[in-house]
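Asks: Need the 3D shape of this:
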Amino acid sequence: MTLGLLGRKKGMTQIFEEDGTIVPVTVLEVGPCTVIQRKEKKNDGYEALQLGFETAKPNRVSKPLKGHFGKKKVGFFRNLKEFRFASVNDFEVGQILSVIGFQTGDTVDVQGITKGRGFQGVMKKEGKHGGPDAHGSGFHRRPGSIGMRTWPGKVLKNMGMPGRMGGEKVMTTHLKVALVKPEENLLLLRGAVPGAREGLVIIYNKEKDFAGRYKQPEKKSEEVSSQG
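Replies: Predicted coordinates:
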């Protein structure tokens, strides 16, 4: 696994490259995310960071989470997500992770919940052709045959049938970062991202040095001695 951040999908727009090429991009508001808990291999059996996104009122948080947040003393959050990766030694509880860790050209994977379409037929849901549109036909948008005869005597798995469409967790992979706006916490990605506007998304950065970009600067011993 790799480190990522949480955000909200704001919509789509377009930007222009230097040669005038129009590039469709998705605008995401990413972070800021707060480190709630740091899990280490010696205590928890694996390395991971638990991040909180979007502050919440205390009366909107369950009692178990109130106790969890109270121990860490980092405030209350609406969304929690755990990210597993190699080492968490460079992170501290309460540290803020923002969009500044992303750079133009980075490759990211984005996970979101697709738009819910409700109950749909096979033509919209499965892309089936349907029957003739002529007035004499009584078969237009129905599924048609879903199997054979005595053999195999059952409906085969994954047969396209009417049912609920959308509302599923989907990940779009290998998207390129087109632009980063740290002052507005905005991340512009080339292409489309699953979900509706204001939908919660998880952005996984595939770059090997991504976690290292948030490394806390070490205190210089010279500064400490000069203060003394």
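Asks: can you list the domain ranges for this protein.
Replies: Under the assignment named as automatic domain parsing, the residue ranges that make up the domains of the chain are 4-113+169-227, 117-146+159-165.
Asks: most packed of the ones you listed?
Replies: For these, the stretch with the most neighbours on average is domain 4-113+169-227, a mean of 15; neighbours defined as mean count of other CB atoms under 10 Å. All C-beta atoms are positioned from the backbone trio N, CA, C, and that covers glycine.
Asks: wait, Pro32 sits on Gln95?
Replies: No: using CB atoms under 8 Å as the test, Pro32 is too far from Gln95 to be in contact (10.2 Å).
Asks: so which strand or helix has the residue located most distally from the centre of the chain?
Replies: Farthest-out residue of the chain from its mean C-alpha position, per CA atoms, centre = their mean: Gly136, at 49.0 Å. Mapping Gly136 onto the secondary structure by DSSP states H and E places it in no helix or strand at all.
Asks: same check, this time on Lys66
Replies: Element membership of Lys66 [criterion: DSSP H and E] is helix 63-72.
Asks: Tell me the helices and strands packed up against that helix.
Replies: strand 33-39 (3 or more CB pairs under 8 Å, 6 or more residues apart in numbering; DSSP states H and E).
Asks: what's next to the strand it packs on, contact-wise?
Replies: By CB atoms under 8 Å, 6 or more residues apart in numbering, the surrounding residues in contact with strand 33-39 are 5-6, 46-53, 68-69, 72, 74-75, 77, 80, 82, 88, 91-98.
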